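> I would like the atomic coordinates for the input below:
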Amino acid sequence: MSALAAELEGIDLGDKRLNRRARKLLSRLGDQPTVSIPAACGGWDETRAAYRLFDHHQVTAQQVLQPHYRASQQRMAEHRHILCIQDTTELDYTGKNDMQGLGPLNYENRRGLYLHPTLAVTPERLCLGVIDAWTWTREPGSLGQDKGQRPIEEKESLRWLEGYRRVGERQRDLPDTRCIYVADREADIYEIFVEQQRQSSPAHYLIRGRHDRLLADGRTLRQALDAAPVLDRVEFDLPKTENRKAQRITQTLRAVRVTLKAPSRVGAKLPDIEVTALLATEQSPAAGTDPVEWLLLTNLPIDNAEQAAEKLTWYLCRWQVEIYFRILKSGCKVEELQLEKLERLEPALAFYMIIAWRVLYLTMLGRECPELPCNVVFADEEWQAVYIVAKRLAPPEKPPSLDTMVRMVAGFGGFLNRKHDGFPGPQTLWIGLQRGRDFAAAIAATKDVQESSYG
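Sure, this is the predicted structure:
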């Protein structure tokens, strides 16, 4: 079994044949994640079998992801701190008018669905897997309607609260690991702060604030932070975005422990909640640009510069989910899937979510643990085939290091491995991975021919 197919070890689709088919299909799609499902399957019979699998009523996205969730949790148990990073992305299928079950995105004429996963990431930015995922569609004609004062159970924002609850379940299963829920501004929801207080073994949270909330003493959050002393100054590299170049910035850090005044809710009275607020503000921004500033809220204490810098470092790990979405869309090309109806699309997305995770995992694992033997994450037939083609030599008995193998694999995706090139990125790695699987298949076929000739 390939290392990727092992993520479905123990899958239970109610039929052993379906289980085998799912593991085989994951390997096929993982071998060539950038091509269409028919191209990855390599023939009409295999393609038809894949579509039948997606169509089967027992094959849901959650059933496919369950064994990967379990494997991810096992990896989490080996670490002291785990950042459970949650975010939403839209999957755009505008123009695929034959696909049933889609809903509007930000405009009625843009059609698709939303994906809301939670990634388990170490503070060193090693992604250990997906531990929760939601997909949903909006009702046609629902955009722009006055939602009024509705309970959170009737809002899309419920996904953030439910996501926090799922992280809390992981925390109960992992008493020796501290789970920290990390999310951006959309998760600045008072009910999450209340939920943390209610749970017996709660997960911690680190959420970027978007509201200048009122405090119990009559001040606002911003007023309290402006009065707090500077704890530290930190420097780090800010990645490139659509609207900003990559740059190195310096921020000052201020923190204060405050009590938030509970907002009013229809049919419920919420308690005041004590939180720690951390304000990170860029010093000397470039001319004509606004300073990069983040207001972070956590239940954890921040009493000194070291704790403040740690929380900021944790928040910066949130960018790993952006990389994950880029792999899913640009690498695996999930927005190009042609599957006619939502019931087929969702389980297919689950397969590609596991594939995208492995690319991100290998990218970061090679950086954090370069001296590990490569057979920790590559099956023997995978690393041996890459070695034979790259070196034109028989593979050694002792597997090479993970760093060596990741660079070899990325080389087949266009990575030049020059002294100043740094470490391979996800794009060269996922292209190299699919070529590596092609090499393994070719070598296996050659051996079969040789054995049949001698037989």
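
> Could you use CA atoms for every contact and neighbour count after this?
Will do.

> buried stuff in the helix ranked longest in the chain?
Here the longest helix in the chain is taken by residue count, with DSSP state H as the criterion, and it is helix 426-454. Neighbour-count burial for helix 426-454, with 16 or more other CA atoms under 10 Å as criterion, is recorded at 426-441, 443.

> could you say what helices and strands that helix packs with?
If you count contacts as 3 or more CA pairs under 8 Å, 6 or more residues apart in numbering; DSSP states H and E, helix 426-454 packs onto helix 16-31, helix 342-368, helix 380-391, helix 402-411.

> wait, is Arg125 part of a strand?
No: according to DSSP: H, G, I helix; E, B strand; the rest coil, Arg125 belongs to no strand; its state is coil.

> Thr363 is in contact with that one, correct?
No: using CA atoms under 8 Å, Arg125 is not in contact with Thr363; the gap is 10.2 Å.

> Could you count how many residues lie near Lys398?
Here the number of neighbours of Lys398 (other CA atoms under 10 Å) works out to 9.

> isn't there a strand covering it?
No: residue assignment for Lys398, taken from three-state DSSP, gives coil, which places it outside any strand.

> Distance check, it against Asp380.
11 Å (CA to CA, to the nearest Å).

> and if you look at Gly411?
Gly411 sits 19 Å away from Asp380 when distances are taken as CA to CA.

> Show the contacting residues for Thr404.
In this structure, Thr404 makes contact with Pro370, judged by CA atoms under 8 Å, 6 or more residues apart in numbering.

> What of Arg254?
Residues in contact with Arg254 (CA under 8 Å, 6+ apart) are 225, 228-232, 278-280, 308.

> In the chain, where is pLDDT below threshold?
For the chain, the stretches flagged by pLDDT under 70 are 1, 144-149, 240-244, 430, 448, 451-455.

> Spell out the residue ranges of the strands in it.
With DSSP state E applied, the chain shows strands at 81-86, 89-92, 103-104, 111-121, 127-136, 178-183, 204-208, 230-238, 247-260, 273-283, 293-298, listed in chain order.

> Put together TSV for these, with distance to Ile355 on each row.
As requested, the strands of the chain are arranged in TSV below (distance: least, CA to CA, whole Å):
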stretch	distance to Ile355
strand 81-86	18
strand 89-92	17
strand 103-104	26
strand 111-121	13
strand 127-136	10
strand 178-183	23
strand 204-208	28
strand 230-238	27
strand 247-260	31
strand 273-283	35
strand 293-298	32
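
> so which of these gets nearest Ile192?
Closest of the strands of the chain to Ile192 is strand 204-208, at 8.7 Å (criterion: CA to CA).

> From the contact counts, what lies against the closest one?
Helices and strands in packing contact with strand 204-208 are listed as strand 178-183, strand 293-298; criterion 3+ CA pairs under 8 Å, 6+ apart.

> now the first one, how far from the centre of its chain.
On the basis of CA atoms, centre = their mean, to the nearest Å, strand 178-183 is displaced by 13 Å from the centre of the chain it belongs to.

> Strand partners (parallel or antiparallel) of that strand?
Using DSSP bridges, strand 178-183 pairs in its sheet with strand 81-86 (parallel), strand 204-208 (parallel).

> who touches the shortest one?
When you say that, I think you mean strand 204-208. 178-185, 187-188, 196, 294-300, 311, 315.

> Please list only the buried members of the residues you listed.
The neighbour-count criterion (16+ other CA under 10 Å) marks 178-184, 187-188, 196, 294-300, 311, 315 among the contacts of strand 204-208 as buried.

> is it possible to export the helices and strands packed on strand 204-208 to a markdown table including distance to Leu253?
A markdown table is the format used below for the helices and strands packed on strand 204-208 (distance: least, CA to CA, whole Å):
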| stretch | distance to Leu253 |
| --- | --- |
| strand 178-183 | 18 |
| strand 293-298 | 10 |
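
> Among these, which comes closest to Leu416?
Comparing the helices and strands packed on strand 204-208 against Leu416 with CA to CA, the closest turns out to be strand 178-183 (35.1 Å).

> Measure how that closest one sits relative to strand 293-298, angle-wise.
Orientation check (axes from the mean of the first three to the mean of the last three CA atoms, to 10 degrees): strand 178-183 against strand 293-298 gives 140 degrees.

> Using PDB, write out every CA atom in strand 178-183.
Taking Å, rounded to 0.1, in the frame of the first residue of the first chain, the C-alpha atoms of strand 178-183 are listed here in PDB:
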ATOM      1  CA  ARG A 178      -2.700  21.300  24.300                       C
ATOM      2  CA  CYS A 179      -5.100  22.200  21.400                       C
ATOM      3  CA  ILE A 180      -5.400  25.800  20.400                       C
ATOM      4  CA  TYR A 181      -8.200  26.900  18.100                       C
ATOM      5  CA  VAL A 182      -6.800  29.500  15.700                       C
ATOM      6  CA  ALA A 183      -9.000  31.500  13.400                       C
END
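
> Over to Pro370: give its phi and psi.
Pro370 adopts backbone torsions of phi -70, psi -20, taken as degrees, to the nearest 10.

> Measure how buried the nearest residue to it once chain neighbours are set aside is and give me the count.
Residue nearest to Pro370 in three dimensions, not counting chain neighbours: Asp403, with 4.5 Å by CA to CA, 6 or more residues apart in numbering. Applying the criterion other CA under 10 Å, we find 22 residues in the vicinity of Asp403.

> Ok, Gly288 next?
Tallying neighbours of Gly288 according to other CA under 10 Å, which is how burial is gauged here, yields 6.

> again with Ser201
Ser201 has 14 neighbours, counted by other CA under 10 Å.
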